[in-house]
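[1] need a structure here:
(2 chains)
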Protein chains: 2
Amino acid sequence: MAAALEDTPVSYEDLADIEREFDDAETEIIRQQVALTQPLYERRAHITSQIPNFWPLVLEQAPPDIDQYIQPSDSALLLSSLTSVEVEHFEIRAEGGDPRSVAIRFGFAPNEYFTDATLEKRFWYRRARDGWAGLVSEPVPIEWKKDRDLTGGLLRMVCAVWEREKKEAGKGGEEGRRGMWEEQRALKKKIDNTGMGGLSFFAWFGFIGRRVTAEESAEVMRLDREMKGKKPALETTAEDEDEDGAEEGEEDVGMSLEIFPDGDDLAVAITEDLWPSAIKYFTQAQEQDALSDVDFESDDEGQGEPDGSDVDSDTERPAKKLKPS
Amino acid sequence: MAAALEDTPVSYEDLADIEREFDDAETEIIRQQVALTQPLYERRAHITSQIPNFWPLVLEQAPPDIDQYIQPSDSALLLSSLTSVEVEHFEIRAEGGDPRSVAIRFGFAPNEYFTDATLEKRFWYRRARDGWAGLVSEPVPIEWKKDRDLTGGLLRMVCAVWEREKKEAGKGGEEGRRGMWEEQRALKKKIDNTGMGGLSFFAWFGFIGRRVTAEESAEVMRLDREMKGKKPALETTAEDEDEDGAEEGEEDVGMSLEIFPDGDDLAVAITEDLWPSAIKYFTQAQEQDALSDVDFESDDEGQGEPDGSDVDSDTERPAKKLKPS
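    Okay, here's the model as predicted:
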């Protein structure tokens, strides 16, 4: 179908202006939402902390788009040692921060796999010059015990590449990343030899995503505001709506070395589903337990979670996975 | 894993209470969200109404979970005649209404398929005694022109069954629906002979869903409130989280005669994705048009939609399709 704006009084700038206002409204909604639910999450944390295995049971019921990333070896570790999960919108009060940025924290009991008591993965919502916007992160090292690294060394190598990237960032930045450094060649070789099938959930801590600095994002935001009503300087690329396609076309070496390409999707699934619906999943776990139980006494106990929210009642915003065909 | 509450000071009622408060917060958020975005949607409607083919171009870019229901014959009709789409949270101010209830309105130019200028499908968010909650609807008749019925008579038959159901509702209600009436037998036969593959998008107007009356829903809400702190009387069934499973196990004849079982999912996808992201999809359509164009001039015009919201930035609520495994 031919471009439809040519013979109309409407310009792309008019549409872009409305989209900007929708984005502002969206941001405001998230702020209100977090403010309204924060006390509830704190109360929930207090109560659920008294339930042994609460989070392991929640994970047992994790939806497919989370469950698919949890390997049997991961389950062994998570079910035996996961003590808490926490999602924080850590930029919600930050000057120039975005309420969409989230920190996902996992608490662990002493276990035979690693020495970390807490693993925190941060995701920053940033905008790139080419119009892309989304979550980016930094690799989080894990102190694996001897011969216990569930990522088979991949995570450590990603951290090494990241350290090198930070060192090189000064000298040339983007350009500096076009070449392959020793650390990158090593990681590339490892990835090629490993094959990413059955990759550990813990490789997620190595997710980096698009290289968009806080500075670039802030500048884009500033330009975006200034642009209001003027001809936009930003280009909306396919990356906006189809990240995978974007990654395929992405020249950046960093992308080809991403060990957990869907890391941002997983962060969104945890933030928007596992976290808010934890009690629902816990109750399901109890019910399954009760159903597989002949004792009707305990079956009765499987009751009592009247929140049957069957529809995603966020009625204004697209779900991330609803990607254009 | 064994039921985890037995040896704790926590009761299912404690968890149910928190879930109720989360549900209240969620409802409040939707109210604020609609209030905040309503003026923007009105402005968008005013501007886009000046763009010929705006909605057909948006539909061209519809995500898979909407596109999958649009058959080529539907496209012919939609692309040639769809003039407007509108989503209204019609119960948002209603006493005892739920802001999750939505009316989806389609405007059509005169066309050779049907005489209706507007088709409106309403979905009510209701709660059932068994703990289920979700969207229910009523069949919407379409005045097809001779030999143009894209549903091959299915929609008309569903409407006939619905009329009969309403008549019978007085006499026995639920029980009255166990048997098969003439209209139901006819529809059943039609369904069996048709096979639901390649079903027209317009069969969606025949979606009914769970038979939950406004009265039942209101009563459940009332009981739910009274129950606060007491032992819940509602049972959370698998239907809460897995509607399909629920429908398979569903005795209700009505369910076996549902011609568009995913009708509520489609309503959610339109409400949460197509509607809020319409300008994004329109811009994509323009860009695809530009990309398939050698003229770089028009390629430039493909720019200017800086809202690259790549993540579903509703950061507190589960996406409906994230269903437990």
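[2] Once you drop chain neighbours, what's closest to A:T37?
    Once flanking residues are discounted, A:T37 sits nearest to B:A25: 5.3 Å by CB to CB, 6 or more residues apart in numbering or on different chains. In this view, the C-beta of every residue, glycine as well, is placed from N, C-alpha and C.
[3] is it fair to say that neighbour lies in a strand?
    No: under DSSP: H, G, I helix; E, B strand; the rest coil, B:A25 sits outside any strand and is assigned helix.
[4] Quick check: the gap between A:A269 and B:R185.
    Using CB to CB, to the nearest Å, we find A:A269 at a distance of 44 Å from B:R185.
[5] longest strand anywhere in chain A?
    With residue count as the measure and DSSP state E as the assignment, chain A has strand A:118-127 as its longest strand.
[6] about what we covered before: please identify which of A:A269 and B:R185 sits among more neighbours.
    Per other CB atoms under 10 Å in any protein chain shown, whichever of A:A269 and B:R185 has more neighbours is A:A269, with 26 against 12.
[7] Looks like that one contacts A:P64 (just checking).
    No: applying CB atoms under 8 Å as the test, A:A269 and A:P64 come out as separate, 9.5 Å apart.
[8] circling back to that earlier point, name the helices or strands packed onto the helix or strand that the longest strand of chain A is followed by?
    With elements assigned by DSSP states H and E, the helix or strand that comes after strand A:118-127 is strand A:133-137. Where contact means 3 or more CB pairs under 8 Å, 6 or more residues apart in numbering or on different chains; DSSP states H and E, strand A:133-137 is packed against strand A:118-127, helix A:263-269.
[9] So which bits of the next helix or strand after strand A:133-137 are buried?
    As assigned by DSSP H and E, the chain's next helix or strand after strand A:133-137 is helix A:154-169. By 16 or more other CB atoms under 10 Å in any protein chain shown, the buried positions in helix A:154-169 come out as A:L154, A:L155, A:R156, A:M157, A:V158, A:C159, A:A160, A:V161, A:W162, A:R164, A:E165.
[10] Let me know which of the helices and strands packed on strand A:133-137 is tucked in deepest.
    With neighbours taken as mean count of other CB atoms under 10 Å in any protein chain shown, those reach their highest mean count in helix A:263-269, at a mean of 24.
[11] what distance separates it from the centre of its chain?
    3 Å (CA atoms, centre = their mean, to the nearest Å).
[12] Just the CA atoms of the helix or strand that that helix is followed by, as PDB, please.
    Sequence-wise, the next helix or strand downstream of helix A:263-269 (DSSP H and E) is helix A:278-291. Provided in PDB are the C-alpha atoms of helix A:278-291 (Å, rounded to 0.1, in the frame of the first residue of the first chain):
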ATOM      1  CA  ALA A 278       4.500 -15.100  42.700                       C
ATOM      2  CA  ILE A 279       1.700 -15.900  45.200                       C
ATOM      3  CA  LYS A 280      -0.500 -17.200  42.300                       C
ATOM      4  CA  TYR A 281       2.300 -19.600  41.200                       C
ATOM      5  CA  PHE A 282       3.000 -20.600  44.800                       C
ATOM      6  CA  THR A 283      -0.600 -21.500  45.300                       C
ATOM      7  CA  GLN A 284      -0.600 -23.400  42.100                       C
ATOM      8  CA  ALA A 285       2.300 -25.400  43.300                       C
ATOM      9  CA  GLN A 286       0.400 -26.200  46.500                       C
ATOM     10  CA  GLU A 287      -2.600 -27.200  44.500                       C
ATOM     11  CA  GLN A 288      -0.700 -29.500  42.300                       C
ATOM     12  CA  ASP A 289       0.800 -31.000  45.400                       C
ATOM     13  CA  ALA A 290      -2.700 -31.400  46.800                       C
ATOM     14  CA  LEU A 291      -4.100 -32.900  43.600                       C
END
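[13] thinking again about what came up before, could you please name the strands the longest strand of chain A pairs with and the direction of each pair?
    strand A:102-108 (antiparallel), strand A:133-137 (antiparallel) (DSSP bridges).
[14] Ok, which of the ones you listed comes nearest A:I18?
    strand A:133-137 (16.7 Å; CB to CB).
[15] Flag the shaky bits of the stretch 1-150 of chain A, pLDDT-wise.
    For the stretch 1-150 of chain A, applying pLDDT under 70 flags the ranges A:1-4.
[16] and what of the stretch 151-300 of chain A?
    Counting by pLDDT under 70, the ranges of the stretch 151-300 of chain A that qualify are A:172-179, A:195-196, A:228-252, A:254, A:293-300.
[17] cutoff 80 now
    A:169-179, A:195-197, A:227-255, A:289-300 (pLDDT under 80).
[18] Next, name the residue at the spatial heart of chain A.
    By CA atoms, centre = their mean, chain A has its centre lying nearest to A:A267, at 2.1 Å.
[19] Bridged to the closest residue to that residue other than its chain neighbours, which residues?
    Spatial nearest neighbour of A:A267, excluding adjacent residues (CB to CB, 6+ apart): A:F123 at 4.9 Å. Note on A:F123: beta-bridge partners by DSSP bridges are A:V102, A:S137.
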